[in-house]
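**Q** here is a sequence with its predicted model. Questions after.
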Amino acid sequence: MPIGLVWLGWTLVLAVVQLFLTAAACRQQDGLQWASSNRDGDPPRYTGMAARLKRAQANLAETLPIFIGAVLLAWVSGHYSPLTGWGAGIYFLARVVYIPAYAFGWGPVRSLIWGISIAGLLLVLISLL
């Protein structure tokens, strides 16, 4: 299996891990009662790490479909190259570091890490040309 597809698989695992980290942080603030309710009414307003993890998760959701599509399209179209693998690896590793950067409020460093993840995504997209 090409390394880009391996990175894609690990990115999906990361998305699930991030989902659980966010849920755990939110449960500390809203409790199991809210989580197990019908959630009628206004949702809780999260603060601190829970709010930051929620935003980090939303940020991943913005780029993940593009990443998945680009890696799979490179594979099925025959445009897969080492550039695809490098881009996928950069994207994944930056996304791993992005979680604690956002969760612990590393400010400008977080934005740099986000830029690195986008650079990885762009490498995958360029490999389609």
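**A** Now that the structure is in, tell me what you want to look at.
**Q** let me see the ranges of the strands in the chain.
**A** Shown for the chain, no strands are assigned by DSSP state E.
**Q** and residue 128, its phi and psi?
**A** Note on residue 128: backbone dihedrals following degrees, to the nearest 10 are phi -80, psi -10.
**Q** give me the distance between it and residue 77.
**A** 7 Å (CB to CB, to the nearest Å). Quick note: C-beta positions are derived from backbone N, CA and C, even for glycine.
**Q** so which of those two has more stuff around it?
**A** Under the neighbour definition other CB atoms under 10 Å, residue 128 and residue 77 were set side by side, and residue 128 has more, 16 against 9.
**Q** residues near residue 17, how many?
**A** Neighbour count for residue 17, taken as other CB under 10 Å: 12.
**Q** check residue 58 too.
**A** Using other CB under 10 Å, residue 58 has 10 neighbouring residues.
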